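1. Need a 3D model of the sequence below.
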Amino acid sequence: MRINFVLPRTINKPMGGYRVVYQYAKRLAEDGNDVHIFFLIHDHKFSLKTIIRKIDGLTFHRKKYRYISWFDLRKVRLHFDQTLEDIAAISQGKIIATHWSTARVVCESQCKPKDKFYLIQDYEIFDPFVTKKELENTWKLPLKKIMVSKWLIRKGAELGINPCSMFYVPNFINTSEFPIKRDNCDRNIVSFLWHNNPRKQSQMGIKIVSKLKLKYPKLRFIMFGVNITDFPKNVEIIENANVQQLNYIYRHSIVYFMPSSKEGWGLTGMEAMACGAAVATIDNGGIWEYANENSAVIVRNNKRKLFCAIVKLIEDKKYREKIVKKAYYNVEHFTFNNSYHKFLLALYS
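-> Residues are numbered from 1 along each chain as shown. Next comes the predicted model:
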């Protein structure tokens, strides 16, 4: 079977949404399928903007736009800097949009209507390049929707989308990368993800870490992310963290916290839980897909409440161990194999 994933143009940085697609693509290719990933320049073939971008991608920024160094995709055929016309011309196999900016051109492709899909990982109204109406119109296109969260399914129902065209395929823990096991590591880190998206509320995270540093000077504080532009004092910064670095962070974290106000899923929280870190989080919506009040400390969107939740986890060992034990139980059901088979069922629908 030929399978075509269409993603926005790569910048060759580790990002959760891309990693989910890459993992499906890699497994599909290993299982003998003809898998292609097309990275879209959202413009027409002979426009000046496209020509400039292609030249830049072939010369000055080749490693950024025409190379994937952080994930093994050797068995997948990669097509960089593709135009709208390139995608519209695809006629063979299944074709899968992975972002609002790729949905309409996938819909216009030459593939059979039954073979057109839209992998939806979030309700992306936070994106400054799309209006709420434009985004929701992509959801209403005649594409089969693969939704990673139950709350996204509910949002689709609110928009009047036919339930028969929506498939629930939850996100997962790839246990080959993040083994679900109890470690005896010395946990002396408090960690969180930095992101430039305002709804991730990284500034709240930095303020909380600054207060925690005063209260617990012997603990280490680690902030990781992509293209970090904030550099708070006394906080270790890890940019473009690979799987090995993430494992180290999570498995040595006494607490991993999530200041984000909204998440389609919140993969880092699940990864941290699988690695034995106690998770404290704002009620971001996505957390409920894999956790509950017994396996994470979930609070309203309030800096003081999140700070207090982290303090309780640090100081109350019995309470923390109870949370971690429940977290292991919750996340062990979200295996890659389970999600992969559901993904296949959706493709064959």
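
2. Surely Ile3 and Gly93 touch.
-> Yes. Between Ile3 and Gly93 there is a contact under Cβ atoms under 8 Å: 5.8 Å. Using the backbone N, CA and C atoms, a C-beta is placed for each residue, glycine as well.

3. okay, these two: which has more neighbours?
-> Ile3 (21 against 18; other Cβ atoms under 10 Å).

4. Check which helix or strand that one maps to.
-> Per DSSP states H and E, Ile3 falls inside strand 2-8.

5. Quick check: next helix or strand after that strand?
-> helix 16-30.

6. in that next one, what's buried?
-> 16-29 (16 or more other Cβ atoms under 10 Å).

7. chain center to the helix or strand following it, what's the gap?
-> Using DSSP H and E, the helix or strand that follows helix 16-30 towards the C-terminus is strand 34-40. Relative to its chain's centre, strand 34-40 lies at 19 Å (Cα atoms, centre = their mean, to the nearest Å).

8. do stretch 12-24 as well
-> With Cα atoms, centre = their mean, you get 7 Å for stretch 12-24.

9. contacting residues for Gly286?
-> Ser149, Trp151, Lys262, Glu263, Gly264, Trp265, Gly266 (Cβ atoms under 8 Å, 6 or more residues apart in numbering).

10. What are the contacting residues of the worst-scoring helix or strand of the chain on mean pLDDT?
-> The helix or strand of the chain with the lowest confidence, counting by mean pLDDT, DSSP states H and E, is helix 48-58 at a mean of 84. With Cβ under 8 Å, 6+ apart as the test, helix 48-58 has contacts from Arg9, Ile41, Asp43, His44, Lys64, Tyr65, Arg66, Phe80, Asp81, Thr83.

11. Could you find the two of those that are most distant from each other?
-> By the measure Cβ to Cβ, His44 and Lys64 form the most distant pair in the contacts of helix 48-58, at 22.3 Å.

12. who's more crowded, the two?
-> Legend: neighbour count by other Cβ under 10 Å for His44 and Lys64, higher for Lys64 (15 against 11).

13. Skipping adjacent residues, who's closest to that one in space?
-> Asn12 (5.3 Å; Cβ to Cβ, 6 or more residues apart in numbering).
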